[in-house]
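*Asks:* predicted model and sequence below, questions to follow.
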Amino acid sequence: MRSDIVKKKNVWQQNASADDADAIPIPQYFRSARQLAFFLLEEYRRTDQFISDSMQQWERRIDLSSADWRLAMEISIGVVRRQLTLDTIIESQLTRPREKVEAPLWTLLQIGAYQLVMLDQIPDHAAVSETVELAGKLQRVRWKKMVNAILRSISRLTADDIATEPQSNTIPLSADRYRSFSIGLFPNPIADPAGYLSKAFSFPLPVIRDWLTRFSVQQTMQMAQWFNQRNNLYLRINALQTGREQLLEELQAEGIQVSPGDEPQAIRLEEPVAMENLVGFSAGKFTIQDQSAMAAGNLLNPQPEETVWDMCAAPGTKTTHLAELMYNRGTLIATDVSCDRLEKIEQNASRLGLTCIETHLVNQPDEIWSTKQFDAILVDAPCSNSGVLGKRPEARWRLDEVSLKELNQIQRDLLEQAFQHLKSSGRLVYSTCSFDPRENEDLLQDVLRDHPERKLVRENRHLPGSPCDGGYQALIE
Ligand SMILES: C[S@@+](CC[C@H](N)C(=O)[O-])C[C@H]1O[C@@H](n2cnc3c(N)ncnc32)[C@H](O)[C@@H]1O
């Protein structure tokens, strides 16, 4: 799901120092969790490649137990997510300016600091010694002394007792558990709530400041915490293959704790499970989709035999929902600018037994690829992803004003194009996985001013954590 994010250098690329020419070669096989985490993080820093993409690319070279694989994921994703907090802690223990520390050495320090302050299950001595040893395995013996010294001093700062509230010497581990330090490392949360929320919860300061213009400190803190924690996953039943009660029973019989969600097709997973490995997945009985996203298809409510266009369709999570709602009857055109991602729609459709979907590649954003008029159009526009920052750990570091302006132009163009192809009796759903009004209701109001023949019928505003992903959907007729 990466191409919907406007490309921008991540924070680590901006901080990369001169020793990149002397990059540490990627090993043929990854044989320890911390080693894999190091190379995933270095790849992200050097090339901007998402952790999940590197993981997929290196899958065959990973020689790890499933526990070590999980630890590598936990560390690498956790470091990306909590980098601002980790950097604040590491910088507090440095005797030289950060710019003087080689970038891969910084990555190593982040890996060590993450284990020390965020992971209860790893004893401090193991976090320190394993990270020091990794420096040796990377053939950077000269780093060992500094890694050892910095990590030991962070360990000495870290108190054993768990606090229950935000203070200048605490950082959140979960909603009501805070790691405390023997000295204040963070801004005072009462005097400088934006500064504290940014550094202790690890979000860019302008993002926190923006949220505080719309939400209270308490609400902002709850959202920031929700984005940092592991949340329930949802799946959408394929109504052509099964009923919700039936699938609930089948999953419970496999020992999986599930319950019905709020959307009619939604099932909530009460604990993390690798859903792709379940028999029901390959049999096409369900799709993994957050219930906020399911609301888009339900709002458009396409009917059998209608002519429907899903304009920004790949990888097809919503397209397949539309096809299911149409009972696989009618015409459903799915377009996207990404060829690779279009193939995913076809794979998903085939797994789910859906045959009414036609995929088309659009090459130019303003291309009028067809003269057809549609009964229903879904514009699931590329957006900032601000509502799904928990699922996409890299996305929070790419939110900025410039990207937003570029996205607004694309969103506006897509809507204009959709109106040209919508029957006068037709309906359109505009949706994003953002909760920023500038790419939702504000933009839509502006576009609708030029279309007095259309009216806004209904809006769904999903705030992150209430109870699912953040997002926005509007029905226009
Ligand atoms: C939010 S994602 C779509 C997710 C998809 N609807 C789903 O539920 O699986 C936005 C998509 O818009 C595509 N996109 C970006 N610009 C586009 C354009 N001008 N026309 C069509 N698709 C575009 C991106 O490639 C990306 O796949």
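*Replies:* Looks like it arrived, so ask away.
*Asks:* for Glu305, which non-adjacent residue is closest in space?
*Replies:* Gly330 (4.5 Å; Cβ to Cβ, 6 or more residues apart in numbering). Quick note: C-beta positions are derived from backbone N, CA and C, even for glycine.
*Asks:* repeat for Phe39
*Replies:* Ile26 (5.6 Å).
*Asks:* could you count how many residues lie near that neighbour?
*Replies:* 12 (other Cβ atoms under 10 Å).
*Asks:* check what pLDDT it gets.
*Replies:* On pLDDT, Ile26 comes in at 87.
*Asks:* need the phi and psi values for the residue nearest to Glu305.
*Replies:* phi 120, psi -160 (degrees, to the nearest 10).
*Asks:* domain parsing of this structure, as residue ranges.
*Replies:* 1-161, 164-224, 230-288, 299-476 (automatic domain parsing).
*Asks:* tell me the mean pLDDT for the shortest one?
*Replies:* Which is domain 230-288. Mean predicted confidence for domain 230-288 is 93.
*Asks:* who's in contact with Gln225?
*Replies:* Pro172, Ser174, Ala175, Phe201 (Cβ atoms under 8 Å, 6 or more residues apart in numbering).
*Asks:* in strands only, show me those.
*Replies:* Pro172, Ser174 (DSSP state E).
*Asks:* in the protein, which strand is the longest?
*Replies:* strand 422-432.
*Asks:* quick check, that strand touching the ligand?
*Replies:* No. Judged by Cβ under 6 Å from any ligand atom, strand 422-432 makes no contact with the ligand; its nearest approach is 7.3 Å.
*Asks:* Gly470 contacts Asn440, doesn't it?
*Replies:* No. Using Cβ atoms under 8 Å, Gly470 is not in contact with Asn440; the gap is 10.2 Å.
*Asks:* joint contacts of those two?
*Replies:* With Cβ under 8 Å, 6+ apart, Gly470 and Asn440 have common neighbours Ser434.
*Asks:* next up, the contacts around the residue in the stretch 151-300 of the chain that the ligand sits nearest to.
*Replies:* Here the residue of the stretch 151-300 of the chain nearest the ligand is Ala293; by Cβ to the nearest ligand atom that distance is 6.3 Å. Neighbour list for Ala293: Thr317, Lys318, Cys433, Asp469, Gly471 [criterion: Cβ under 8 Å, 6+ apart].
*Asks:* just the residues you listed that are near the ligand?
*Replies:* Answer for the contacts of Ala293 near the ligand (Cβ under 6 Å from any ligand atom): Thr317, Lys318.
*Asks:* before we move on, back to that, how close does the residue of the stretch 151-300 of the chain closest to the ligand get to Arg396?
*Replies:* 19 Å (Cβ to Cβ, to the nearest Å).
*Asks:* kindly report the same for Ala334.
*Replies:* Taking Cβ to Cβ, one finds Ala334 at 29 Å from Arg396.
*Asks:* what does this protein have sitting close to the ligand?
*Replies:* Close to the ligand, as judged by Cβ under 6 Å from any ligand atom, the chain has residues 3-4, 311-318, 335-338, 341, 362, 365, 380, 382, 410, 414.
*Asks:* the same query, at a cut-off of 8 Å, please.
*Replies:* Within the chain, the positions near the ligand by Cβ under 8 Å from any ligand atom are 1, 3-4, 289, 293, 296, 310-319, 321, 335-338, 341, 345, 362, 364-366, 378, 380-383, 410, 413-414, 432-433.
*Asks:* out of those, list just those in helices.
*Replies:* Taking DSSP state H as the definition of helices, these contribute Ala293, Ala296, Thr317, Lys318, Thr319, His321, Arg341, Ile345, Ile410, Asp413, Leu414.
*Asks:* which of those lies at the shortest distance from Met73?
*Replies:* Thr317 (21.9 Å; Cβ to Cβ).
*Asks:* please name the residues that touch that closest one.
*Replies:* Taking Cβ under 8 Å, 6+ apart, one finds Thr287, Gln289, Ala293, Asn348 in contact with Thr317.
*Asks:* part of a strand, is the first one?
*Replies:* Yes. Inclusion of Thr287 in a strand is indicated when DSSP: H, G, I helix; E, B strand; the rest coil is applied.
*Asks:* for it, which non-adjacent residue is spatially closest?
*Replies:* Using Cβ to Cβ, 6+ apart, the nearest residue to Thr287 is Arg236, at 4.9 Å.
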